[in-house]
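Visitor: here is my input, please return the structure:
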Amino acid sequence: MRVHHDVWDQDVEQVLISEQELDEIVSRIAAQIDQDYKDKNLLLLCILKGSLVFMGDLMKKLSIPCEIDCMKVSSYGHGTVTSGRINILLDLHRQDLSEKDILIIEDIIDSGKTLSYLVSYLRINGARSVRTVALLDKPSRREVDYTPDYVGREIPDAFVVGYGLDFGEKYRSLPYVGILKPEIYTN
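Guide: I've put the predicted structure just below:
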């Protein structure tokens, strides 16, 4: 049964990644993680809020044991422009980091600053290992030399929503990733 998202669908210029393609991407990444972490103590670290849907689907497809935790990090000022400064709004407070192989789950990487910072931050705080997975990658926006360990799909430099990604807390529930009409975020 298809849920109707007509109220949001009308603001989407084009579907960039369909529900089926998202499912295939998540399955592929889960298979890689199953292989790479079969003998590790995996902790999936969700970067709230955008990565929540992706992490939920990803963990359901894993066949290996894992723990989950969350951090909330902000690098955006207002609207669509990154501030360049990383703010940790909800930190990871665990006594067992030295026993954990952390896999940071991120919805999208553009400048690379947030993931690069978080990897260093978690290593400094004693994590046994830290790697990253990004559902979406915008390499054209990179400002630091950083490549995630796992990438779902490279996308063009467009403003995307859906599958957890938002604009003004809207559009997260769309089951696909779509390009938002420019008039929606430029007004």
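Visitor: what are the ranges of the strands in this protein?
Guide: According to DSSP state E, the chain carries its strands in the segments 12-17, 42-48, 67-76, 82-90, 101-109, 129-137, 150-154, 160-161, 177-180.
Visitor: strand partners (parallel or antiparallel) of the last one?
Guide: In other words, strand 177-180. Sheet pairing for strand 177-180, assigned by DSSP bridges, gives strand 12-17 (antiparallel), strand 160-161 (antiparallel).
Visitor: please apply the same query to the second one.
Guide: Partner strands for strand 42-48, per DSSP bridges, with pairing direction: strand 67-76 (parallel), strand 101-109 (parallel).
Visitor: what sits up against the last one?
Guide: Strand 101-109 is contacted by residues 33, 37, 40-47, 50-51, 54-55, 58, 114-115, 118-119, 122, 127-138, 146, 148-149, 160, 163-165 when judged by C-beta atoms under 8 Å, 6 or more residues apart in numbering. For glycine as for every other residue, the C-beta is placed from the backbone atoms N, C-alpha and C.
Visitor: and the residues you listed, which of them are buried?
Guide: 33, 37, 40, 42-47, 50-51, 54-55, 58, 114-115, 118-119, 122, 127-128, 130-138, 146, 148-149, 160, 163-165 (16 or more other C-beta atoms under 10 Å).
Visitor: any idea of the mean pLDDT for stretch 36-56?
Guide: Mean pLDDT, stretch 36-56: 97.
Visitor: first-to-last residue distance for it?
Guide: Length of stretch 36-56, first residue to last, C-alpha to C-alpha, to the nearest Å: 19 Å.
Visitor: give me the distance from that stretch to the chain's centre.
Guide: 9 Å (C-alpha atoms, centre = their mean, to the nearest Å).
Visitor: start to end distance for stretch 151-163?
Guide: 16 Å.
Visitor: list the buried residues for that stretch?
Guide: 151-153, 155, 159-163.
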